[in-house]
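**Student:** heads up, no residue letters with this:
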């Protein structure tokens, strides 16, 4: 069974631009979560989607948004990029139970110049 | 104070040693406990998942949860150079959101 895939793997943007990252969950998984990983803050929860609905949201500004499609694929968008948005963005998928184990993709490394 | 505390290390041990990694937490609502391993420039890989207090063993890995002390541990027996990575503890209160520790960097020297 294929794992979680994320595209693109690397991105370089400039301040003020916007970016869209994509995640395809493991086949059969209906929940997708997004995390931001930085050296200073570690792994921080952004949001979680199930059946195209956002079920939970972390403490990030409204510039960070996401959505999930009917096939469970998910995208996250960051608008008006700031230098501090440079990070590894990780997507994780799980079956559906809220306490279920989450399996991570390889991440998208975003650099904001 | 962070909800989950984990010593970042680095921790350096000789090959074959037993490694002990630990996390403490403050939120009594945490019910699910996980350990992930992350190699440089890769996504976290799930190692262990536990729900209740007690021990769970899988090969060379043993996860231990003590809810009364709000303390979890991961033991690695017969450590190998390939175990060199960052180990992250993670916890959930069942809302679908994982709270991670800072991660402990482990180096196993041949």
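**Tutor:** Everything's here; your move. Note that the structure is a prediction, hence the values are computed from the model and not measured.
**Student:** quick one, strands of chain B?
**Tutor:** Remark: strands assigned in chain B by DSSP state E are B:4-6, B:11-14, B:19-25, B:32-38, B:45-50, B:54-58, B:61-66, B:71-76, B:85-92, B:98-100, B:104-109.
**Student:** ignore what I typed, I meant chain A.
**Tutor:** Using DSSP E, strands in chain A cover A:5-7, A:10-13, A:19-24, A:31-38, A:42-50, A:53-57, A:64-68, A:74-78, A:87-94, A:103-104, A:108-112.
**Student:** list the contacts of residue 74.
**Tutor:** Let's take chain A. The contact partners of residue A:74, by Cβ atoms under 8 Å, 6 or more residues apart in numbering or on different chains, come to A:22, A:23, A:25, A:32, A:34, A:49, A:66, A:67, A:68, A:91. In this view, the C-beta of every residue, glycine as well, is placed from N, C-alpha and C.
**Student:** not quite, go with chain B.
**Tutor:** Here residue B:74 is in contact with B:20, B:21, B:22, B:35, B:47, B:48, B:61, B:62, B:63, B:64, B:87, B:89 (Cβ under 8 Å, 6+ apart).
**Student:** count the residues that sit near residue A:32.
**Tutor:** 30 (other Cβ atoms under 10 Å in any protein chain shown).
**Student:** same thing with residue A:71?
**Tutor:** 9.
**Student:** what distance do you get for the residue lying closest to residue B:14 once chain neighbours are set aside to residue B:88?
**Tutor:** With sequence-adjacent residues excluded and distances taken as Cβ to Cβ, 6 or more residues apart in numbering or on different chains, residue B:14 is closest to residue B:109, at 5.5 Å. Going from residue B:109 to residue B:88 by Cβ to Cβ, to the nearest Å gives 22 Å.
**Student:** settle it for me: which of the two has more neighbours?
**Tutor:** Neighbours were counted for residue B:109 and for residue B:88 using other Cβ under 10 Å; residue B:88 has more, 26 against 11.
**Student:** and the gap between the more buried one and chain A?
**Tutor:** The gap separating residue B:88 from chain A is 7 Å, by Cβ to the nearest Cβ, to the nearest Å.
**Student:** with the contacts of residue A:74 in mind, which one is nearest to chain B?
**Tutor:** Looking at the contacts of residue A:74 and their distance to chain B, the nearest is residue A:91, at 8.4 Å (Cβ to the nearest Cβ).
**Student:** who is that closest one paired with across the strands?
**Tutor:** Beta-bridge pairing of residue A:91 under DSSP bridges involves residue A:34.
**Student:** for residue 51, what are phi and psi?
**Tutor:** You didn't say which chain, so I picked chain A. Residue A:51 adopts backbone torsions of phi 50, psi 50, taken as degrees, to the nearest 10.
**Student:** what of residue A:69?
**Tutor:** According to degrees, to the nearest 10, residue A:69 has phi -100, psi 170.
**Student:** list the contacts for residue B:68?
**Tutor:** Per Cβ under 8 Å, 6+ apart, neighbours of residue B:68: residue B:53.
**Student:** what's the pLDDT at it?
**Tutor:** Residue B:68 is assigned a predicted lDDT (pLDDT) of 93.
**Student:** gap between it and chain A?
**Tutor:** Taken as Cβ to the nearest Cβ, the span from residue B:68 to chain A is 20 Å.
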